[in-house]
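A.B. asks: A structural model of the following input is requested.
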Amino acid sequence: ATIGFAGPRLVKRFTGAPLSPGSHTGAGAMENGLVDAIVSENDEGPWLRAVLDVLAADAPDPVPEAEAPPNDRAERDPWDIVETARAATRPSGRELVTLMSDAFIELHGDRAGTEDPALTAAVCRIRGRRAVVLALNRNHAPGPGAYRKARRCLALADRLAIPVVTLVDTRGADPSERSEAGGIAWEIAATTEAMLSAQVPIVSIVTGEGGSGGALALSVGDVLLAHAGSIFSVIAPEAAAEILWRDADRGPEAARMLRLTATDLIELGIADGAIGGPLDGPSLAATVAYHLDLLRDEASRATARRDRWRNKGGP
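C.D. replies: Here you go, the predicted structure:
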């Protein structure tokens with residue numbers, strides 16, 4: 001397909017130069033975050049059927065109530081939990097989307113020139129329930145495009161009346177000059193507002209490291225859960241140590257002061273609960289399905305959500 005606001009001949013007439021290779025093509029549109037998928041002619045039917053299957057009415061499998069994990073403070077040092085949250089062996093956000101979904105259709109791009117791999121977005125079926133899933137990928141620092149993509153998908157969920165699930169695992173948003181020039185602070189703020197305003201249920205789960213505003217923007221849902229091996233903090237321990245003592249090597253000491261474990265989050269009234277056991281697809285799917293069922297019939301959702309996070313911050 002040739003895709004563009006103006007055709008190649010008109011572009012050349014207007015600019016005086018021919019298009020560069022790849023411009024106005026499906027591949028170019030995909031690379032620049034303008035389309036969700038490239039589908040070959042032979043795959044059009046199967047792809048459309050897959051989309052319609054994911055969007056079909058819910059057929060929920062029953063799930064039991066999740067058990068809370070044991071208190072982690074008595075057994076583990078907070079710095080140990082920091083290292084657990086950052087372990088390379090933990091599944092990434094993208095992997096968790098695949099593992100917990102019965103089926104999913106991935107969504108790409110912010111429709112403004114960027115496809116940021118720091119955020120995986122998909123329409124999924126989870127234990128027979130529809131959901132739009134937004135998963136931060138810890139191996140990439142999310143830039144402005146990641147938060148624009150998140151807002152695009154939140155708007156899609158609102159239009160289709162599909163609940164949202166966010167999986168939070170990031171050391172923080174990209175603080176580079178390029179990201180700053182692209183309005184990263186504005187994009188985080190706008191995404192926070194979009195989360196607070198959404199008319200559909202939102203379940204947020206910290207699966208690894210919840211770092212600063214980059215994580216907070218995707219955490220202000222109706223329910224916030226934290227895996228027992230996760231952390232959530234306004235600042236990384238090493239950065240806190242650099243500010244407090246001008247010595248990043250005192251990060252373990254700062255970690256013990258920051259109250260950043262799942263147990264701390266519950267005691268502080270920030271998180272609603274913790275998730276024990278392994279971080280795998282079946283347990284995550286059961287937890288998500290259980291909480292989506294609890295939120296299904298709640299009224300005035302956006303009003304209650306905004307009140308929670310503006311005035312109290314916790315359950």
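
A.B. asks: Quick check: Gly183 touching Pro144?
C.D. replies: Yes: between Gly183 and Pro144 there is a contact under CB atoms under 8 Å: 5.5 Å. In this view, the C-beta of every residue, glycine as well, is placed from N, C-alpha and C.

A.B. asks: which residues are contacting stretch 276-289?
C.D. replies: 60-61, 63-64, 66-70, 90-91, 96, 98-101, 126-129, 131, 165, 203, 205, 207, 225, 227-229, 275 (CB atoms under 8 Å, 6 or more residues apart in numbering).

A.B. asks: neighbour count winner among Gly183 and Pro144?
C.D. replies: Pro144 (26 against 15; other CB atoms under 10 Å).

A.B. asks: thinking again about what came up before, buried ones only from the contacts of stretch 276-289, please, as a PyMOL command.
C.D. replies: Those of these that count as buried under 16 or more other CB atoms under 10 Å are selected in PyMOL with:
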select buried, resi 63+66+69+90+91+96+98+100+101+126+127+129+131+165+203+205+207+225+227+228+229+275
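
A.B. asks: All the strands of this structure, residue numbers only.
C.D. replies: Using DSSP state E, the strands of the chain run over 103-107, 119-126, 129-136, 164-170, 202-211, 223-227, 231-233, 273-275.

A.B. asks: what does the top helix by length along the chain contact?
C.D. replies: Secondary structure of the chain per DSSP state H: the longest helix is helix 144-160. Contact with helix 144-160 is made by 33, 55, 107-116, 118-119, 121, 123, 132, 134, 136, 162-164, 173, 179, 182-184, 186-188, 190-191, 194-195, 198-200, 217-218, as judged by CB under 8 Å, 6+ apart.

A.B. asks: got the contact list for Asp53?
C.D. replies: Contacts of Asp53 (CB under 8 Å, 6+ apart): 103, 125.

A.B. asks: What distance do you get for the spatially closest residue to Ala226 that is not a sequence neighbour to Gly276?
C.D. replies: With CB to CB, 6 or more residues apart in numbering as the criterion, Ala226 has its nearest non-adjacent residue at 3.9 Å, and that residue is Ala262. Per CB to CB, to the nearest Å, Ala262 is found 9 Å from Gly276.

A.B. asks: before we move on, what about Gly208?
C.D. replies: 15 Å.

A.B. asks: repeat for Thr191
C.D. replies: 29 Å.

A.B. asks: Have a look at these two and say which one is more surrounded.
C.D. replies: Thr191 (26 against 16).

A.B. asks: Was I right to think Ala112 contacts Gly183?
C.D. replies: No: using CB under 8 Å, Ala112 makes no contact with Gly183, being 10.8 Å away.

A.B. asks: contacting residues for the nearest residue to Met30 once chain neighbours are set aside?
C.D. replies: Nearest non-adjacent residue to Met30, counting by CB to CB, 6+ apart: Ile38, 5.4 Å away. By CB under 8 Å, 6+ apart, the contact list for Ile38 reads 26-27, 30.

A.B. asks: which of those residues count as buried?
C.D. replies: 26, 30.

A.B. asks: Out of the contacts of Ile38, flag the one nearest to Pro18.
C.D. replies: Ala27 (17.7 Å; CB to CB).

A.B. asks: re the thing from before, what subset of the contacts of helix 144-160 is buried?
C.D. replies: 33, 107-110, 114-116, 118-119, 121, 123, 132, 134, 136, 162-164, 173, 179, 182, 184, 187-188, 190-191, 194-195, 198, 200, 217-218.

A.B. asks: hey, where'd the helices end up in this structure?
C.D. replies: 8-15, 26-31, 44-55, 78-85, 93-100, 144-160, 177-181, 184-197, 212-216, 237-245, 251-257, 262-267, 281-295, 301-307.

A.B. asks: Just put those helices in TSV and tack on mean pLDDT.
C.D. replies: Shown next, in TSV, are the helices of the chain (pLDDT from 0 to 100):
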stretch	mean pLDDT
helix 8-15	91
helix 26-31	92
helix 44-55	96
helix 78-85	95
helix 93-100	96
helix 144-160	97
helix 177-181	95
helix 184-197	97
helix 212-216	93
helix 237-245	95
helix 251-257	96
helix 262-267	94
helix 281-295	93
helix 301-307	90
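
A.B. asks: now for those helices, which one comes closest to Asp169?
C.D. replies: helix 93-100 (5.5 Å).

A.B. asks: which outside residues touch that closest one?
C.D. replies: Residues contacting helix 93-100 (CB under 8 Å, 6+ apart): 91, 104, 119-120, 122, 124, 126, 133, 135-138, 167, 169, 207, 279-282, 284-285, 288.
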